[in-house]
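[1] Quick one, fold the following:
(2 chains)
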Number of protein chains: 2
Amino acid sequence: MSNKNNLIDNKFRIIISVGDDSGIGPEVILKALFSKEIPKNTDIVIVGSQTNLEKEYSNLKSLGVKNIVDPSDYQIYDIEIPFEINNPKKSNGNASFFYLKKAIEIVQKYPNAALVTGPICKKSWALAGHNYSGQTEFLAESCQAKNVGMLFTAKSPITNWRFNTLLATTHIPLHEVPKQLTTQVIHSKLDLLSEFCKNYVDEPLLKIAGLNPHAGEEGLLGSEEKNWINDAVASWSKKNKGVKLLGPISPDTCWNSSAKAWREKTSPIQDGILAMYHDQGLIPIKVIALNYSVNTTLGLPFIRTSPDHGTGFDIAGRGFAQSQSMVEAIKTAFDLTKDSRLFNAH
Amino acid sequence: MSNKNNLIDNKFRIIISVGDDSGIGPEVILKALFSKEIPKNTDIVIVGSQTNLEKEYSNLKSLGVKNIVDPSDYQIYDIEIPFEINNPKKSNGNASFFYLKKAIEIVQKYPNAALVTGPICKKSWALAGHNYSGQTEFLAESCQAKNVGMLFTAKSPITNWRFNTLLATTHIPLHEVPKQLTTQVIHSKLDLLSEFCKNYVDEPLLKIAGLNPHAGEEGLLGSEEKNWINDAVASWSKKNKGVKLLGPISPDTCWNSSAKAWREKTSPIQDGILAMYHDQGLIPIKVIALNYSVNTTLGLPFIRTSPDHGTGFDIAGRGFAQSQSMVEAIKTAFDLTKDSRLFNAH
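    Take a look at the predicted model:
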């Protein structure tokens, strides 16, 4: 890798952590970087094991896979972790943890840099003694970020409109959702969403979905909206005069305007929606923007995206993993950083 | 109205109950019947007050509304309920109840007849002493139907594919959903959905959504699938060999195939999906099929549809209520009956 001091400039950089070497991460990275959709004039830095990336390249070549890049043409921040032959899962867990750790260090060194993370295996991390419920939690800790959020973002290829949905609660059982939602949770997520949107527009228009059918219908179909969600929305709005916030909106109509704006040019529309729970947000995202949607972490000092799939252990090494989601993750990391007011602000 | 004995033939009939006279029911009916989309060769029978329908017609004419039919050109089963001038809500509640009661009697007299119900006001029904939580409950009681279900159905104008989603639970608070779902509920709803689909195809393909994110991810994100939903699905499948049932499927991908089949011809796809709760089903329905979706009651001895809106008291009598949803309700009542194996089976 080139001398780091040479890199301190305003050039745009994408740092890619490889993820678990035994998963499809290395394969989808080599395939994605071949895509013509990858932004030009961008420095790509891959953080992983050079040996393993070259092995994967040879393997894909031997399988007859053509549209891939040669890792030796790329800047690789090479990390070689001793491999325990008797405990491959632990070794791969350990390696993917240190790839991410180093990638976080690198991305923070440079202005106009964004992070794209390949998929890791939580169980393998745990075997290696890295006890985090996912990459996001380690990222938050590393950056001392107390308030992070899971945003799904997608740019319509038809209208160029960007569709943003943040989740108020994430990977928890449905019955936990009403228990875990609080005024504090909603306020902190609205803070994240409005802060994110303000990087792109002056006075964002946000929507918040209700929790219950018809947003409770005045208490007939659930009391949370009436008892405290309405108040939480009002008190946040009072403190945030520069943001227009609508809701809580009946969940079953909250995404109709997004579906329309995805397909056709419409009059001004919301910049972001706060969904109360995983499936409330993910169902419309996937129905409207399947294959374009990218998972983004808000609340970090840089843009971080990841493809919308896991390690794919069952299909790894066979040459047929789809790389479109990694392509979108790289493109989105670029777009979100480039279009942001933070770009070249250093 | 013509002598009933003359009507006993195999002609197709749509019976429309007007709903609440002070709402937008009469207006959307007069507008909808003007539409060129209303099926020809169909007897329309309106059950309501002839006087009120004629008053509404004159009112709309005086407002300059053009595209409406003259009720005197239609068969009206005329019901005049004494109006208490001091208690108009009660009077209208009472009238709309008896319109529905009579419409149920009429639709059951004839083969190849379907019911379309205009919107009523539950509070007005209660004021008049008719204590039902909605029209569906009264319909179930009148027909001695123990197992009824709320199906949303829509026909793609692009591919002609019919998109069916049945709700396992309906208008209840979100926190009640995990409590009200049982093996018995899921089995009875799968019975309804498969029975409905068998009217159109020999061996239906059904899907059932999970309750939790990623359908619980082997218990990590919720235990209901692992503890009993998987078993409920397996035991139902065992008893219903002629039906292919997939699931429980991760809710956030369960409707992706529907979105695709709505837009383009695809290989064989599911005939119906069972959603676990209101917004899980209604969010994708509205995002995919907004303005085409019709609420249908399964489990009755006839097809019943209704427009997807309420009484609209705030806009009634002003001439600008949208009638597309009533048009779709009438078209769907016709299509579902005509395409069914029950048609001309008497």
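
[2] how close does A:Gly134 get to chain B?
    12 Å (CB to the nearest CB, to the nearest Å). The C-beta positions use only the backbone N, C-alpha and C, and glycine is treated the same way.

[3] next one: phi and psi at the closest residue to that residue other than its chain neighbours?
    Among residues not flanking A:Gly134 along the chain, A:Lys122 sits closest, at 6.2 Å (CB to CB, 6 or more residues apart in numbering or on different chains). Main-chain dihedrals, A:Lys122, degrees, to the nearest 10: phi -60, psi -40.

[4] Identify the residues contacting the residue lying farthest from the centre of chain A.
    When distances are taken from the C-alpha mean of chain A, A:Leu220 lies farthest, 36.7 Å away, according to CA atoms, centre = their mean. With contacts defined as CB atoms under 8 Å, 6 or more residues apart in numbering or on different chains, the neighbours of A:Leu220 are A:His214, B:His171.

[5] Can you tell me the closest non-neighbouring residue to A:Tyr277?
    A:Val177 (4.4 Å).

[6] for A:Phe12, what are its contacts?
    A:Pro39, A:Asn41, A:Thr42, A:Asp43, A:Asn112, A:Ala113, A:Phe334, A:Thr337, A:Lys338.

[7] Equivalent analysis for A:Ile288, please.
    A:Ala154, A:Phe163, A:Trp255, A:Ser258, A:Ala259, A:Trp262, B:Ala259, B:Val287.

[8] distance of A:Ala234 from A:Leu221?
    21 Å (CB to CB, to the nearest Å).

[9] typed the wrong thing, it's A:Phe302
    Distance, A:Phe302 to A:Leu221, using CB to CB: 41 Å.

[10] And A:Asn256, by the same measure?
    For A:Asn256, the distance to A:Leu221 - CB to CB - is 19 Å.

[11] When the two are compared, which one has more neighbours?
    A:Leu221 (21 against 17; other CB atoms under 10 Å in any protein chain shown).

[12] In a strand, that one, correct?
    No - looking at A:Leu221 with DSSP: H, G, I helix; E, B strand; the rest coil, it is coil, so not inside a strand.

[13] Can you check the pLDDT for the closest residue to A:Val65 other than its chain neighbours?
    Nearest residue to A:Val65 in three dimensions, chain neighbours excluded: A:Gly319, at 4.7 Å (CB to CB, 6+ apart). pLDDT for A:Gly319: 94.

[14] in chain A, which spans are helices?
    With DSSP state H as the criterion, chain A has helices at A:25-32, A:50-62, A:88-109, A:122-127, A:135-142, A:177-180, A:183-198, A:224, A:230-239, A:251-254, A:256-263, A:278-289, A:324-338.

[15] ok, the most centrally placed residue in chain A - contacts?
    The centroid of chain A falls nearest to A:Thr296 when counting by CA atoms, centre = their mean (2.2 Å). Residues in contact with A:Thr296 (CB under 8 Å, 6+ apart) are A:Met150, A:Leu151, A:Phe152, A:Thr153, A:Ile303, A:Arg304, A:Thr305, A:Thr332, A:Leu336.

[16] Only the buried members of those residues: can you turn that into a ChimeraX selection?
    To isolate the buried members of those in ChimeraX, using 16 or more other CB atoms under 10 Å in any protein chain shown:
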select /A:150,151,152,153,303,304,305,332,336
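
[17] What is the nearest of the contacts of A:Thr296 to chain B?
    A:Phe152 (10.1 Å; CB to the nearest CB).

[18] how deep is A:Lys102 tucked in, by neighbour count?
    Neighbours of A:Lys102 using other CB under 10 Å come to 17.

[19] residue contacts, the closest residue in space to it that isn't next to it in sequence?
    Distance criterion CB to CB, 6+ apart; nearest residue to A:Lys102, sequence neighbours excluded, is A:Val47 at 5.2 Å. Under the criterion of CB under 8 Å, 6+ apart, the neighbours of A:Val47 are A:Ile15, A:Ile16, A:Ser17, A:Val18, A:Ile76, A:Tyr77, A:Ile79, A:Tyr99, A:Leu100, A:Lys102, A:Ala103, A:Ile106.

[20] how about a cut-off of 7 Å?
    Shown in contact with A:Val47 (CB atoms under 7 Å, 6 or more residues apart in numbering or on different chains): A:Ile15, A:Ile16, A:Ser17, A:Val18, A:Tyr77, A:Ile79, A:Tyr99, A:Lys102, A:Ala103, A:Ile106.

[21] Quick check: the gap between it and chain B.
    Relative to chain B, and taking CB to the nearest CB, A:Val47 is found at 28 Å.

[22] which residues does that residue bridge with?
    Under DSSP bridges, the beta-bridge partners of A:Val47 are A:Ser17, A:Tyr77.

[23] ok, A:Lys198 - how many residues close by?
    16.

[24] Go ahead and confirm it touches A:Pro204.
    Yes - in this structure A:Lys198 lies within contact range of A:Pro204 using CB atoms under 7 Å: 6.1 Å.

[25] any idea of the pLDDT on the closest residue to chain B within the stretch 51-200 of chain A?
    Proximity of the stretch 51-200 of chain A to chain B (CB to the nearest CB) peaks at A:Pro173, 3.3 Å away. Looking at A:Pro173, its pLDDT stands at 96.

[26] How about it: what's its closest non-neighbour residue?
    B:Gly222 (3.3 Å).

[27] gap between that neighbour and A:His171?
    10 Å.

[28] Neighbour count: the two, which is higher?
    B:Gly222 (24 against 16).

[29] The residue nearest to A:Val65 contacts A:Lys66, doesn't it?
    No - at 10.2 Å, A:Gly319 does not count as touching A:Lys66 under the criterion of CB under 7 Å.

[30] who's more crowded, these two?
    Higher neighbour count among A:Gly319 and A:Lys66: A:Gly319, with 16 against 9, using other CB under 10 Å.

[31] related to what we said a few turns ago, show me which of the contacts of A:Phe12 has the smallest pLDDT value.
    Of all the contacts of A:Phe12, A:Lys338 has the smallest pLDDT value, namely 81.

[32] Many thanks, we can stop here.
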